[in-house]
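Asks: This is the structure alone, sequence omitted:
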């Protein structure tokens, strides 16, 4: 597998809002000059540092494809601590692959993380529920019809000020979090330069 120079995604339209840094991508031989080699059928483990300023949570994906393909495939990376992220790329076919890493602010994850803390400390979270509803609606705008309907239903529940306890349960629900994560906001994503 080899790296190739790519335009940084999100930089031109970000107006300074691309706050994520992606660096120290491994494996990378001689600054991407030479390809990484593996056996077809194996996986290549890719690691990178992905971080931002402040307390926002970040997330990242590996983008990879065979050289002759035009469409990038994506693999979600997992945090392994200390701003380091990891995922495996399946090298299912013989050939030359390209790969890079993309990172962005996880706005819904940041909101949910903060909600857990606020609910746990007994704070009033009515305004926070409205913010979360807007984030869920935003994800619905990127989703297909069926998932968009589910997400809009959750957004209505988060906006229901008559049943704050239900809104809290919805905010903490793993099913909602998993569905929102399927439709991330990548507007200000940053790509490793190679």
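Replies: Perfect, thanks for sending it. In this text, all values refer to a predicted model and were calculated from it rather than measured experimentally. Numbering: from 1, shown residues only.
Asks: any idea where the helices of this structure begin and end?
Replies: For the chain, the helices identified by DSSP state H occupy 107-120, 126-142, 145-159, 164-172, 174-181, in order along the chain.
Asks: which strands and helices sit next to the last one?
Replies: Using 3 or more Cβ pairs under 8 Å, 6 or more residues apart in numbering; DSSP states H and E, the elements in contact with helix 174-181 are helix 107-120, helix 126-142, helix 145-159. (C-beta placed from N, C-alpha, C; glycine too.)
Asks: Rebuild the ones you listed as CSV, extending it with mean neighbour count, distance to residue 81 and mean pLDDT.
Replies: Compiled in CSV, the helices and strands packed on helix 174-181 are given as follows (neighbours: other Cβ atoms under 10 Å; distance: least, Cβ to Cβ, whole Å; pLDDT from 0 to 100):
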stretch, mean neighbour count, distance to residue 81, mean pLDDT
helix 107-120, 16, 16, 94
helix 126-142, 18, 26, 95
helix 145-159, 16, 31, 94
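Asks: pretty sure residue 43 is touching residue 86, no?
Replies: No: if you go by Cβ atoms under 8 Å, residue 43 and residue 86 don't touch, sitting 11.4 Å apart.
Asks: Now do the contacts for the residue nearest to the spatial centre of the chain.
Replies: Among the residues of the chain, the smallest C-alpha distance to the mean C-alpha position (Cα atoms, centre = their mean) belongs to residue 59, namely 3.9 Å. Contacts here follow Cβ atoms under 8 Å, 6 or more residues apart in numbering; on that basis residue 59 touches 50, 76-77, 103-104, 106, 109, 181, 184.
Asks: Now tabulate the helices and strands packed on helix 174-181 in TSV and tack on distance to residue 191.
Replies: Shown next, in TSV, are the helices and strands packed on helix 174-181 (distance: least, Cβ to Cβ, whole Å):
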stretch	distance to residue 191
helix 107-120	18
helix 126-142	19
helix 145-159	26
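Asks: Show me the one of the ones you listed that comes nearest residue 168.
Replies: Distances from residue 168 to each of the helices and strands packed on helix 174-181 were compared using Cβ to Cβ; the shortest belongs to helix 107-120, at 5.4 Å.
Asks: what bits of this protein have low per-residue confidence?
Replies: Residues of the chain that meet the criterion pLDDT under 70 lie in 1-17.
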